[in-house]
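Asks: whatever this is, show me its structure:
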Amino acid sequence: MFFILLGVLAAYAQPEDSVTYHGTDELWWDFSRYWDEQYETSLSAFRTSQGSYDMFYWYQLYDGKVELPCFSFFNLRYTYHGRYNFEEQVVQHRVEPIFRLYKDFYAHAIIAPFYEKRYDEIGAGLSYRPSTHNWLYVYGIMSGFDHNNSMRHVSPGPARDPYEVLPYRLEIEGRGELPWMKTRLHAELGTHSKQYLDWPDSSWEVWKRDHDRSEVWGRLEFQPIQNLWVGSLAYWKREREQTLWAAKDSVIADTLHHRWIEPYVVWSPTERLELIAQHRIWRYDRGFDSLHYRRDFNILSVKAIWNPVDFLFLHAGYQRQWRYRYVDEEPEDEVWDIPHQISRLVFNGEFRFKSGVMFIVKEGIKANEFAKTFRRFHAHTSVHVYIPLGFLNELGEKKGEDKHGA
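Replies: Residues are numbered from 1 along each chain as shown. Next comes the predicted model:
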């Protein structure tokens, strides 16, 4: 039994470990600086990123928002976020009544319903929105506020797990822009929650669980000289959970640290040509009570974008990733049949129409071995779509005259 357990621990893997181009794909699926700016500075828009994981799965991301002017002092905002990947499947709807307090200052109420009511969220916030390019939101949110209420008609047993301390979080959204600088920030700072199993007739199975989660990502870039931008993206996430069975004197723990930094340089030598170089340094670190898993990536991407006609942008580039995986600090070479280093060429066709609609198709070409490039060249596909919904802002009394929002 001891040797079986050792074999299980040694073979531990995250689902994405089986994806050869996982690191380069993650870089590829992100929206470009231009696409991010179009979405961030609009009141109403929709965008999606769809990427091939492997023969079985698609990576999918959906973002949508609509802000409707109802009265001179009142707007109604709706946002949608959906994300499907190996790590999580998340769908969030949020409704925000927005009240103008004074000039560019607003008060927000938040209602976020979920299919399972016990995950419902409510909250309130304040915002300062002088323009669509510069804004700051600060929210206080109660997560799972309906969880204990949903337990009222559940008998004590394995399905009855109320909170002693509900989870709360401080949420910050901000964007700032000057002629020579741009910045973007998103932060979710969670508090410590406590949950327990309410089953007094089975003390052997009763447990208590502590949990907290925080996440921060952002972008900062500068223009030191004309036509040159230097900046970096960054991401950090920490999620910790510990479940204690007092009668069994045992603990199950799971701690995730996920972070990366991605410096980049963007140079436009002419009006129709843009050159981009970026490099992501990425660590995924997960600790259980029984083992410690770590995965490190270094991902290089260089790309040229040519604009031959107004609506068409042609991309060509090269990507290379270095990936290393460890279980209990031991490299997992012997159980992992994926190369540590792999390369591919990328060719994208991007369309930007006068309506504001944008569409891009990305195709990868294997570049690790010359012979394989021509024998079986395909190395994943990605598709992005952006649709502006500005016409919705003309509904209501303002007729599109409100300049505020995010």
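Asks: so, low pLDDT: which residues of the stretch 101-250 of the chain?
Replies: 202-204, 247-249 (pLDDT under 70).
Asks: go with 80
Replies: 200-205, 245-250 (pLDDT under 80).
Asks: all helices of it, in order?
Replies: 147-150 (DSSP state H, counting those that start in this stretch).
Asks: who's in contact with Leu166?
Replies: 142-145, 147-148, 193 (CB atoms under 8 Å, 6 or more residues apart in numbering). C-beta: built from backbone N, CA, C; applies to glycine.
Asks: ok, so of those residues, who is nearest Met181?
Replies: Within those, proximity to Met181 (CB to CB) peaks at Ser143, which comes in at 34.0 Å.
Asks: ok, now which ones touch the closest one?
Replies: 119, 121, 166-169, 190, 193 are the contacts of Ser143 under CB under 8 Å, 6+ apart.
Asks: and what of Ala107?
Replies: Contacts of Ala107 by CB under 8 Å, 6+ apart are 98-99, 101, 124-126.
Asks: which one (most neighbours) among those residues?
Replies: Highest neighbour count within the contacts of Ala107: Ile98, with 22 neighbours (other CB atoms under 10 Å).
Asks: beta partners for that residue?
Replies: Beta bridges link Ile98 to Asn75, His108 when assigned by DSSP bridges.
Asks: residues contacting it?
Replies: 67, 74-77, 106-108, 127.
Asks: go again using 7 Å as the cut-off
Replies: 74-75, 77, 106, 108 (CB atoms under 7 Å, 6 or more residues apart in numbering).
Asks: now a ChimeraX select for only the buried ones of those.
Replies: This is how ChimeraX selects the buried members of the contacts of Ile98, with burial counted by 16 or more other CB atoms under 10 Å:
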select :75,77,106,108
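Asks: ok, so of the contacts of Ile98, who is nearest Ile225?
Replies: Looking across these and measuring by CB to CB, the closest to Ile225 is Tyr106, at 37.4 Å.
Asks: that closest one: what's its closest spatial neighbour, skipping adjacent residues?
Replies: Ser127 (4.7 Å; CB to CB, 6 or more residues apart in numbering).
Asks: roughly how far does the one you found sit from Thr270?
Replies: Separation of Ser127 from Thr270 (CB to CB, to the nearest Å): 39 Å.
Asks: again, but for Asp198
Replies: For Asp198 relative to Thr270 (CB to CB), the value is 68 Å.
Asks: quick one: the strands in the stretch 101-250 of the chain?
Replies: 105-112, 121-128, 135-143, 163-165, 168-178, 181-190, 193-196, 208-225, 228-245, 250-270 (DSSP state E, counting those that start in this stretch).
Asks: out of those, flag the one nearest Ile360.
Replies: strand 250-270 (17.1 Å).
Asks: contacts for that closest one?
Replies: With CB under 7 Å, 6+ apart as the criterion, strand 250-270 contacts 227-244, 274-289.
Asks: drop anything exposed from these.
Replies: 229, 231, 233-235, 237-241, 243-244, 274, 276, 278-280, 282, 284-286.
Asks: bridging residues for the most centrally placed residue in the chain?
Replies: In the chain, the centroid-proximal residue (CA atoms, centre = their mean) is Arg83; its distance is 7.6 Å. Arg83 has these beta-bridge partners by DSSP bridges: Leu61, Val90.
Asks: for Asn149, give its distance to Arg118.
Replies: 8 Å.
Asks: these two: who's more crowded?
Replies: Counted by other CB under 10 Å, Asn149 and Arg118 do not tie: Arg118 has more neighbours, with 16 against 12.
Asks: please report how far the more buried one lies from Ile141.
Replies: Arg118 is 15 Å from Ile141, by CB to CB.
Asks: and what of Glu16?
Replies: Taking CB to CB, one finds Glu16 at 29 Å from Ile141.
Asks: got it, and Ser250?
Replies: 33 Å.
Asks: more neighbours: which of the two?
Replies: Taking neighbours as other CB under 10 Å, Ser250 and Ile141 compare with Ile141 leading, 20 against 11.
Asks: just grab the bridge partners of the closest residue to the more buried one other than its chain neighbours for me.
Replies: Excluding its sequence neighbours, the residue lying closest to Ile141 (CB to CB, 6+ apart) is Gly123, at 3.5 Å. Taking DSSP bridges as the rule, Gly123 bridges to Ile110, Ile141.
Asks: who's in contact with Gly123?
Replies: 110, 139-142.
Asks: got TSV for the contacts of Ile98, with distance to His186 too?
Replies: What follows is the contacts of Ile98, written out as TSV (distance: CB to CB, whole Å):
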residue	distance to His186
Phe74	26
Asn75	21
Arg77	17
Tyr106	18
His108	16
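Asks: quick one, strands of the stretch 251-400 of the chain?
Replies: Counting by DSSP E, counting those that start in this stretch, the strands of the stretch 251-400 of the chain are 273-288, 292-309, 312-327, 330-331, 341-352, 358-366, 378-388.
Asks: mean pLDDT for these: which is lowest?
Replies: Mean pLDDT is lowest for strand 330-331 among the strands of the stretch 251-400 of the chain, at a mean of 75.
Asks: pull the distance from that strand to the chain's centre.
Replies: Strand 330-331 has its C-alpha centroid displaced from the chain centroid by 29 Å (CA atoms, centre = their mean, to the nearest Å).
Asks: then stretch 62-71?
Replies: The answer for stretch 62-71 is 20 Å, by CA atoms, centre = their mean.
Asks: could I get the buried residue list for that stretch?
Replies: Of the residues in stretch 62-71, those buried (16+ other CB under 10 Å) are 62-69.
Asks: if we can go back for a sec, now the strands of the stretch 251-400 of the chain as TSV including distance to Glu26?
Replies: Output for those, formatted as TSV (distance: least, CB to CB, whole Å):
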stretch	distance to Glu26
strand 273-288	8
strand 292-309	8
strand 312-327	9
strand 330-331	22
strand 341-352	13
strand 358-366	13
strand 378-388	11
